[in-house]
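Asks: take a look and give me a structure for this.
(one chain, ligands or ions: 3)
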Amino acid sequence: MGGKPTTTNRRQFLKATATAIVSLTVVGSAAYYLRDKSSVQKTGILRPPGSVDEEDFLYACIKCGLCVQICPVHAIKLADWDAFLSYGTPYIDANVQACDFSCDAIQCAETCPTGAIDFQIFRRAGDRAYEQLLKQYGGQIPPDVNPFEIQIMAMRRVANMGKAVITDPQQCLAYHGKGYSGPLGKHHALLRPPGSKERIDIAEVHVEREICDLCVAYCPLGSEAIELKEIGNGKYLPEIKDGCVGCGVCQMLCPTDPKAIVVEPREKLA
Ligand code: SF4
Ligand code: SF4
Ligand code: SF4
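Replies: Numbering: from 1, shown residues only. Ligands and ions are numbered 1, 2, ... in the order given. You can find the predicted model right below:
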């Protein structure tokens, strides 16, 4: 039967509505919290090279975006609401665009006004390398030795963004003794190959490899970070070494889906 709702009915209705609102708020907040805080160890989601420890980073970073602007390969982005990171903080998604160090002097660190990305570790590494060279050559560095290149390599070595890992050997083409023929990258992204002065668009470059070794061939740290090891019967597997700094170039270039090699961030990001 219809008619005007009684006071009791109205009270029950209001109580049910209030309970529903509270429940939805609690569930929504929990889901947001879990999304933001528990899915933080995403492979390939990295802080810029030289970032201080995550807790200090969150205090120090003022989200000014200068590191984003200076990066010549546009590797750094500012986190959006759905990026699993604190809103507005800078990160690198190695699946999209890795840090290839082609800016040479770690420009994101140099430009950071607060020290959230700590340029001092790079400066010290570069200075140490130069002093070692002077010592090695008795104070006179010969003209055929380029101190700048040696300093740059020393700076890369302290970037400490994470560590590459093989997700599943079965996923790797080399593990099956297979080659690769096709574009260096499946999407447009920039890379300066080792030993080259020019950046290339990885989608525009065709590569042919008898045995796939893209992760090894283009690593900015070279054989101190990764090598292709023969495991018998014409099969190979990349071996990640202590010199890997987690730049993500290997992850960006690995042609398999899902990726056979990914970078795990050096610590949980928030
Ligand atoms: S060090 Fe890497 S992320 Fe930083 S500016 Fe250079 S290329 Fe970009
Ligand atoms: S193996 Fe090389 S390319 Fe891959 S993350 Fe380590 S340093 Fe970068
Ligand atoms: S690029 Fe990928 S598929 Fe190729 S060797 Fe490296 S891990 Fe294996």
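Asks: what sits against the residue nearest to residue 253 when sequence neighbours are not counted?
Replies: Nearest-residue entry for residue 253: residue 214, 4.4 Å, with adjacent residues in sequence omitted and distances by Cβ to Cβ, 6 or more residues apart in numbering. Where you see a C-beta, it was placed from the backbone N, CA and C, and this is true even at glycine. Residue 214 makes contacts with 180, 184, 207, 250, 253, 254, 255, as judged by Cβ atoms under 8 Å, 6 or more residues apart in numbering.
Asks: contacting residues around stretch 81-94?
Replies: Stretch 81-94 has contacts (Cβ under 8 Å, 6+ apart) with 35-36, 39-40, 42, 44-48, 57-58, 61, 63, 65, 67-68, 75-80, 98-99, 108, 117, 161, 247-249, 251-252, 262-263, 269-270.
Asks: next, the distance between the ends of that stretch.
Replies: Distance between the boundary residues of stretch 81-94 (Cα to Cα, to the nearest Å) amounts to 19 Å.
Asks: that one near ligand 2 at all?
Replies: No - residues of stretch 81-94 are not located near ligand 2 by Cβ under 6 Å from any ligand atom, the shortest gap being 7.7 Å.
Asks: please see if that stretch touches ligand 3.
Replies: No - counting by Cβ under 6 Å from any ligand atom, no contacts exist between stretch 81-94 and ligand 3, the nearest distance being 13.0 Å.
Asks: quick check: mean pLDDT of that stretch?
Replies: Here the mean pLDDT over stretch 81-94 is 88, rounded to a whole number.
Asks: ok, now stretch 233-246?
Replies: Regarding stretch 233-246, the rounded mean pLDDT is 97.
Asks: which residues touch the nearest residue to residue 169 once chain neighbours are set aside?
Replies: Here the nearest residue to residue 169 in space, its sequence neighbours aside, is residue 175; by Cβ to Cβ, 6+ apart that works out to 4.7 Å. Taking Cβ under 8 Å, 6+ apart, we find residue 175 in contact with 169, 231, 235, 236, 237, 260.
Asks: out of these, who's near ligand 3?
Replies: Of the contacts of residue 175, the ones that also sit near ligand 3 (Cβ under 6 Å from any ligand atom) are residue 260.
Asks: nearest to ligand 3 among the contacts of residue 175?
Replies: Comparing the contacts of residue 175 against ligand 3 with Cβ to the nearest ligand atom places residue 260 closest, at 3.7 Å.
Asks: next SSE after the helix or strand containing residue 216?
Replies: Applying DSSP states H and E as the criterion places residue 216 in helix 214-217. Under the assignment DSSP H and E, the closest C-terminal helix or strand after helix 214-217 is strand 226-232.
Asks: how about the helix holding residue 216 and ligand 3, touching?
Replies: Yes - using Cβ under 6 Å from any ligand atom, we find that helix 214-217 touches ligand 3 at 214, 215.
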